[in-house]
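Peer 1: sequence and computational prediction follow.
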Amino acid sequence: MKSKNLSENILRSVKSKGFKYIDLPSVIEANHIVQRSGENFRKFIFSFIDQNGSELCLRPDLTIASCLRYLENNLKGKEKIFYSGQAYRKSQNKKDSIIRDQVGFEIIGSKDEKNDDKEIINTSLKSLQNIKYTSGTLTIGNVEIFNLLISKLDIPKRWKLRLSRHFWRERYFNDLLKRLETNSDVDPTIVEIDKKRYFKMLKEDLSKVIAGRSINEILKRFDNKIRDPRGAKKGKNVSKIIKDFLKIKCSINKAASELNKFFKKNKINLIVDQKYFPVSNNKISKLNVVFSASFGRQLEYYTGMVFKIDIKSKSKNRNIINGGRYDKLISDLGAKNQVAAVGAALNLNY
């Protein structure tokens, strides 16, 4: 941790905004993480088997630990909470630390979405007052706007689901766009191979899980793929629209007008109001405020507004705060209904 005093000052500033401090478990069940993020995520966690044969892991993410607490304690209604501690995650970059010291704060179970989004950003800005920096940028995105765009595109439903689901996996998402452009997934030879796989799987146990999905789910996807083909020209047009959308970056006060100009140009039936964004000022303290349509691809569970704060300190640019809205996370972890949630985490290892 960079400084005990720094951590205590940040915690005091968050508490002054009406948040209640809670403790979070350091160890959680690994299946909660794997089910949420897929088997591929297993290589990033530190896991072990306990004496009862259950797989546990050190928490790789404080937000998931917090949402599990809300779920497992059967909590109801609005909570404004904050916490501090370490998250443990392996990295492909050997220079990255496996231990991340963080302060996090969340609003869970509230129905006042727009005001909650503003409060999380304002709390982040107040926390930032404890840190010395010369300049910086507050970047705001919105995953919901991307999903609304995808819902309006003229492509099969399975492709809409695929693009929305994998938006956060940037490299794989770009590969999907290439497949959309080239029509490679509906090549007659590939379709025939899929048909053979389809009929072979029909004879297997439908509840069997392969690569994180049941055979029954895989069969439904095969069925849609065979029944609902896509034209090559249409795929190229849609891919261009998506790529052009992701290039939109502007001052936050121009976000709505730039998006609406894009929607009108591409004949997409969408309109966005500037009130849709939690901030409208282009400058807050020493921070420039910008909108980026491509931002929000760090974590799978974001569903709406997302933001990050990067600061310049001692001639180095560093990411200091990340946050956003994740209304589906608690239900994905096992709750019967969706629970609204928005929060942010401040990185003390900057």
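Peer 2: Cool, got the structure. Given the structure is predicted, the values throughout are model-derived calculations rather than measurements.

Peer 1: how is the protein divided into domains?
Peer 2: Domain assignment for the chain by automatic domain parsing gives 1-109, 134-169+244-344, 170-242.

Peer 1: pLDDT below threshold where in the stretch 101-250 of the chain?
Peer 2: 183-195, 211-212, 223-233 (pLDDT under 70).

Peer 1: could you pull out the strands for it?
Peer 2: With DSSP state E, counting those that start in this stretch, the ranges of strands along the stretch 101-250 of the chain come out as 135-142, 209-210, 213-214, 249-251.

Peer 1: what strands line up against the first one, and which way round?
Peer 2: To tie it back to what came earlier, the one meant is strand 135-142. The pairing partners recorded for strand 135-142 under DSSP bridges are strand 287-292 (parallel), strand 305-313 (antiparallel).

Peer 1: identify whichever of those strands lies nearest to residue 214.
Peer 2: strand 305-313 (30.3 Å; C-beta to C-beta). Placement of C-beta: from N, CA and C, glycine included.

Peer 1: what's the next secondary structure element after that closest one?
Peer 2: The helix or strand immediately downstream of strand 305-313 is strand 316-325, counting by DSSP states H and E.

Peer 1: what comes up buried for that following strand?
Peer 2: 318, 320, 321, 322, 323, 324, 325 (16 or more other C-beta atoms under 10 Å).

Peer 1: just send these back as CSV, with distance to residue 58 and pLDDT too.
Peer 2: CSV is the format used below for the buried residues of strand 316-325 (distance: C-beta to C-beta, whole Å; pLDDT from 0 to 100):
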residue, distance to residue 58, pLDDT
318, 24, 89
320, 23, 92
321, 23, 94
322, 20, 94
323, 22, 95
324, 23, 96
325, 26, 96
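
Peer 1: still on that earlier bit, and the strands of the stretch 101-250 of the chain, which is most packed in?
Peer 2: By mean neighbour count, with neighbours taken as mean count of other C-beta atoms under 10 Å, strand 135-142 ranks first of the strands of the stretch 101-250 of the chain at a mean of 22.

Peer 1: export that strand to CSV, keeping only CA atoms.
Peer 2: Extracted in CSV, the C-alpha atoms of strand 135-142 (Å, rounded to 0.1, in the frame of the first residue of the first chain):
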residue,chain,number,x,y,z
SER,A,135,-3.7,16.9,-14.8
GLY,A,136,-5.9,14.0,-15.9
THR,A,137,-8.9,12.7,-17.8
LEU,A,138,-12.3,11.4,-16.7
THR,A,139,-13.5,9.1,-19.5
ILE,A,140,-17.2,8.1,-19.6
GLY,A,141,-18.8,5.4,-21.7
ASN,A,142,-22.0,3.5,-21.7
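
Peer 1: quick one: contacts of it?
Peer 2: Contacts to strand 135-142, defined as C-beta atoms under 8 Å, 6 or more residues apart in numbering, come from residues 121, 125, 252, 255, 276-279, 284, 286-296, 304-312, 320.

Peer 1: picking up where we left off before, tabulate the buried residues of strand 316-325 in JSON lines, adding columns for distance to residue 332.
Peer 2: Formatted as JSON lines, those follow (distance: C-beta to C-beta, whole Å):
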{"residue": "318", "distance to residue 332": "31"}
{"residue": "320", "distance to residue 332": "28"}
{"residue": "321", "distance to residue 332": "24"}
{"residue": "322", "distance to residue 332": "19"}
{"residue": "323", "distance to residue 332": "18"}
{"residue": "324", "distance to residue 332": "15"}
{"residue": "325", "distance to residue 332": "14"}
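
Peer 1: which of those residues sits closest to residue 12?
Peer 2: Nearest member of those to residue 12, counting by C-beta to C-beta, is residue 321, at 16.8 Å.

Peer 1: burial measure for the nearest residue to the closest one once chain neighbours are set aside, as a count.
Peer 2: Spatial nearest neighbour of residue 321, chain neighbours left out: residue 309 (4.2 Å); criterion: C-beta to C-beta, 6 or more residues apart in numbering. Counted with other C-beta atoms under 10 Å, the neighbours of residue 309 add up to 27.

Peer 1: repeat that for residue 69.
Peer 2: A count of nearby residues for residue 69, using other C-beta under 10 Å, gives 19.

Peer 1: quick check, it in a strand?
Peer 2: No - if the criterion is DSSP: H, G, I helix; E, B strand; the rest coil, then residue 69 is helix and not within a strand.

Peer 1: residues in contact with it?
Peer 2: 22, 24, 25, 75.

Peer 1: against residue 145, how distant is it?
Peer 2: 30 Å (C-beta to C-beta, to the nearest Å).

Peer 1: next, residue 272: secondary structure please.
Peer 2: Secondary structure of residue 272, per three-state DSSP, is coil.
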